[in-house]
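**Q** Need the 3D shape of this:
(chains A and B)
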Amino acid sequence: MPEVYNWQLGRTMAYQYDAGRPKRQIAWVFDTNKCIACQTCTVACKQTWTWGRGQEYMLWNNVETKPYGFFPTGWDVRLLEMLGPGGWQDGEYGGQTVAEAAPQGERVRGWLPESEHWTYPNMGEDEPAGTAAQGTYIGRLPHDMWFFYLARICNHCTYPACLAACPREAIYKRPEDGIVLVDQSRCRGYQECVSACPYKKVMLNNTTGTSEKCIACYPKIEQGEQPQCVTSCIGRIRIAGFISPPDVVHKENPIDFLVKVRKVALPLYAQSGTEPNVYYIPPMHAPREYVRQMFGPGADAAIETYAKAKDDPELLGLMMLFGSSERIMHRFAVEDEVARGFDEKGEEVVSVPLREPTFIRTYFDSVRQSYLHNIT
Amino acid sequence: MTMNERNRQDEPRGGPFGPGGVSRRAFIQGAAGAGAAAAVAGAAGWLVTGGADEFETEPPKNRIVARRASGSVPRDPGDATWRSLTSLAVPMLAQNMTTPRVKAPTIQTIALRSLHNGSEIGFHLEWADQAVDDIEAIARFRDSVAVELPVDPDRPTSVMMGQIGRPVHILHWRASWQSEMESGSRSVQRAFPNAVNEVTPEAVLGEEASRVYYPALYVGNLMASRKRTTPVEELIAEGFGTLTAQEDQRAEGRGVQSNGLWSVVIVVPISGSANQVSLKPGGMTRVALAAWDGGAGNRGARKQWSNWISLELES
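**A** Modelled structure (predicted):
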């Protein structure tokens, strides 16, 4: 197999095909600390793309509770078991990727979920891990008792396992934006991609007999707009844009700034080796061992930087731009307590104050001779 | 040796035992080279390609004669005409020439019979399989069998799905397509009889406008067809990963499962378009078989295959 460079692993790795990075790569940043699992993203996606017969169980976007929630059941536990202990040293992953761990005669090490695995999307919802004695005051991080919400879509990986596994080359990665698609005229429903995807984000349409997956709302992206799951998010936890190639950093690019400059956003289970392009701001309150396992060795520094965001105008400003515009922001700038986002042509699409103005009224309104419930 | 090195050493590096991790594109380039080599080698060379390498095979060891029928070629696998023919026991091999492979073959032998009447040719295939797997759904695969013929009997080609410029014509019978025809319902309705979809695109938009929500159906992928008229699909291929449905679908067939035995008949006209076989009574060609055991997770390249068999059409 050819050797390709995976910047998330800090090393080269074996992959089915030679490296062919797209002209530009769509990427997302999700802030796990802000997600409340309202599933508005899930519903927006479902109503847009997967309301047909045969897609009943399909959730191209889902939000699961960690550590006990999964869709499909046990997907990440199975992935970790398959890869075995890996370990990182000086930013380099020491274990095997799904391609490197492929058994003889296979292209990728994977597993094929059965219908029962797809049956419980809400498994483990709001179920905490850890214990806390009655009356415990949770005044420190991480919390003794914890859970967090993990919103998931297709990672539109740089080295997709689904694409590598398809013996028909029916899966392709668009050179113009890096979106990974299943060719619906070529697919014959072998489900090799379903088995191979470490994130289990390719699913068989039971009615058409072909595999389908998140299409990154490409009709919107082609118009310069962010996908449905991003623009519908009421918690404004998401931003979508284009990430620069590994050796390029544009500080004013929102995705580059979060992933490469402040390094607050990290790939999900980078050890899969697919170079996923959804980046997560890790949860501050979950145990660090768990967070490091999920988001890699950069998790501690990411949480520390994120915790100081209020004193970092650029980071704070960019966080305020999350969910503030339907348009893809190619550039952002923070000046005089205002964050601004700009589209591809350099035109301003939105401006947001870093801090909303706050007015505090007196508790007692002397004019009306009454007490006020809401004073801010 | 690290785990990575060991794993990579396990991957074969071309040669007759497979292209290993070679992409289809690399394979086709290799196969195109093989085609040129074949042209030099002349008409004697029946080639098996193995990625970048290729080698000539001996003339097929096995030979079968398609007897001439006076009437039509019977579609019923139980028809006495089929039983009156001598069968050829075709040994089946685990597909291990390309990834993904089948680990252990579950179908060892297929009993092959053939019959023609000057305008149609039929194949009768019989093999042991204890379970009927006729549903395609999540992680469920179907029993099926395929017959492969060179499009041009005079142009040698690879038994492994043909090669560039030397296509093969494939006739693929599926238990799932047959059960869809017979039951009048899609696999999914039998896999999930109690599934509920409260609001369907059809109900909201009507049958025609809702097709866009079934993309494979919309683009005409036969996998998604709602109107099955035959359990046999006609395909063309020029190497691994190139398998494509023929524009002209004419083949018919029927399979019956009893006493742990699948008996399948596949019938096709002996001549057709430029992409389809063109045979003549008294002529010679080759035929190869492939079979899938759905219960063992067989699909695509995870299959049993046979080498070429000489096929003569009785004059």
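
**Q** mind listing the helices for the chain?
**A** No chain specified, so I'll use chain A. A:40-49, A:75-83, A:161-165, A:192-196, A:218-221, A:228-231, A:254-256, A:288-295, A:299-307, A:313-321 (DSSP state H).

**Q** my question was about chain B
**A** Counting by DSSP H, the helices of chain B are B:3-10, B:24-41, B:80-83, B:175-183, B:187-191, B:201-205, B:215-218.

**Q** follow-up on the earlier one: rebuild the helices of chain A as JSON lines, extending it with mean pLDDT and distance to chain B.
**A** Glycine gets a C-beta too; all of them are placed from N, C-alpha and C. JSON lines is the format used below for the helices of chain A (pLDDT from 0 to 100; distance: least, Cβ to the nearest Cβ, whole Å):
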{"stretch": "helix A:40-49", "mean pLDDT": "97", "distance to chain B": "8"}
{"stretch": "helix A:75-83", "mean pLDDT": "97", "distance to chain B": "11"}
{"stretch": "helix A:161-165", "mean pLDDT": "98", "distance to chain B": "8"}
{"stretch": "helix A:192-196", "mean pLDDT": "98", "distance to chain B": "6"}
{"stretch": "helix A:218-221", "mean pLDDT": "98", "distance to chain B": "12"}
{"stretch": "helix A:228-231", "mean pLDDT": "98", "distance to chain B": "15"}
{"stretch": "helix A:254-256", "mean pLDDT": "98", "distance to chain B": "29"}
{"stretch": "helix A:288-295", "mean pLDDT": "97", "distance to chain B": "19"}
{"stretch": "helix A:299-307", "mean pLDDT": "98", "distance to chain B": "25"}
{"stretch": "helix A:313-321", "mean pLDDT": "98", "distance to chain B": "34"}
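
**Q** Looking at the ones you listed, which is nearest to residue B:290?
**A** For these, the distance to residue B:290 is smallest for helix A:192-196, at 17.1 Å, taking Cβ to Cβ.

**Q** What helices and strands are in contact with the closest one?
**A** Applying 3 or more Cβ pairs under 8 Å, 6 or more residues apart in numbering or on different chains; DSSP states H and E, one finds that helix A:192-196 makes contact with helix A:161-165, strand A:202-205, strand A:210-213.

**Q** got those as a markdown table, with distance to residue B:313 and mean neighbour count columns?
**A** Listed next are the helices and strands packed on helix A:192-196 as a markdown table, based on distance: least, Cβ to Cβ, whole Å; neighbours: other Cβ atoms under 10 Å in any protein chain shown:
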| stretch | distance to residue B:313 | mean neighbour count |
| --- | --- | --- |
| helix A:161-165 | 41 | 27 |
| strand A:202-205 | 41 | 28 |
| strand A:210-213 | 37 | 24 |
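
**Q** Adding distance to residue A:304, write the ones you listed out as JSON lines.
**A** Formatted as JSON lines, the helices and strands packed on helix A:192-196 follow (distance: least, Cβ to Cβ, whole Å):
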{"stretch": "helix A:161-165", "distance to residue A:304": "32"}
{"stretch": "strand A:202-205", "distance to residue A:304": "36"}
{"stretch": "strand A:210-213", "distance to residue A:304": "35"}
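
**Q** Nearest approach to residue A:345 belongs to which of those?
**A** With Cβ to Cβ as the criterion, residue A:345 lies closest to strand A:210-213 of the helices and strands packed on helix A:192-196, at 30.8 Å.

**Q** Report the separation between residue A:48 and residue B:105.
**A** Counting by Cβ to Cβ, to the nearest Å, the separation of residue A:48 from residue B:105 is 45 Å.

**Q** Same question for residue B:192.
**A** Counting by Cβ to Cβ, the gap from residue B:192 to residue B:105 is 31 Å.

**Q** who's more crowded, those two?
**A** Each of residue B:192 and residue B:105 has its neighbours counted (other Cβ atoms under 10 Å in any protein chain shown); residue B:105 has more, 20 against 17.

**Q** need the contact list for that one.
**A** Counting by Cβ atoms under 8 Å, 6 or more residues apart in numbering or on different chains, residue B:105 makes contact with B:92, B:93, B:94, B:304.

**Q** Bridged to the residue most central in space within chain B, which residues?
**A** The residue lying closest to the centre of chain B (Cα atoms, centre = their mean) is residue B:146, at 3.2 Å. Taking DSSP bridges as the rule, residue B:146 bridges to residue B:172, residue B:290.

**Q** what comes into contact with stretch B:133-141?
**A** Contacts for stretch B:133-141 (Cβ under 8 Å, 6+ apart): A:57, A:112-115, A:118, A:189, A:191, A:194, A:203-204, A:206, A:209, B:142-143, B:175-176, B:178-179, B:187-188, B:190-192, B:292-295, B:297-299.

**Q** Neighbours of residue A:319, how many?
**A** 26.

**Q** Touching, it and residue A:31? I think so.
**A** Yes - Residue A:319 lies in contact with residue A:31 (Cβ atoms under 8 Å); the separation is 7.4 Å.

**Q** Produce a PyMOL select command limited to the buried residues of the contacts of stretch B:133-141.
**A** Those of the contacts of stretch B:133-141 that count as buried under 16 or more other Cβ atoms under 10 Å in any protein chain shown are selected in PyMOL with:
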select buried, (chain A and resi 57+112+113+115+118+189+191+194+203+204+206+209) or (chain B and resi 142+143+175+176+178+179+187+188+192+292+293+294+295+297+298+299)
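
**Q** quick one, what contacts residue A:324?
**A** Contacts of residue A:324 (Cβ under 8 Å, 6+ apart): A:236, A:341, A:350, A:352.

**Q** Of those residues - the most surrounded one?
**A** Ranking the contacts of residue A:324 using other Cβ under 10 Å puts residue A:341 first, with 27 neighbours.

**Q** what's the nearest residue to that one if we skip its chain neighbours?
**A** residue A:329 (3.7 Å; Cβ to Cβ, 6 or more residues apart in numbering or on different chains).

**Q** mind listing the strands for the stretch 201-315 of chain B?
**A** Assigned by DSSP state E, counting those that start in this stretch, the strands in the stretch 201-315 of chain B fall at B:232-237, B:244-245, B:252-258, B:261-269, B:284-292, B:304-305, B:309-313.

**Q** what's next to the first one, contact-wise?
**A** It stands for strand B:232-237. Applying Cβ under 8 Å, 6+ apart, the set of residues contacting strand B:232-237 is B:151, B:161-162, B:167-174, B:177, B:222, B:243-246, B:248-253, B:266, B:268, B:275-276.

**Q** mind checking how far the spatially closest residue to residue A:131 that is not a sequence neighbour is from residue B:179?
**A** For residue A:131, ignoring the flanking residues on the chain, the nearest one in space by Cβ to Cβ, 6+ apart is residue A:145 at 6.2 Å. From residue A:145 across to residue B:179, the span is 52 Å (Cβ to Cβ).

**Q** With residue A:342 instead?
**A** As judged by Cβ to Cβ, residue A:342 and residue B:179 stand 57 Å apart.

**Q** Same question for residue A:125.
**A** Counting by Cβ to Cβ - residue A:125 and residue B:179 are separated by 38 Å.
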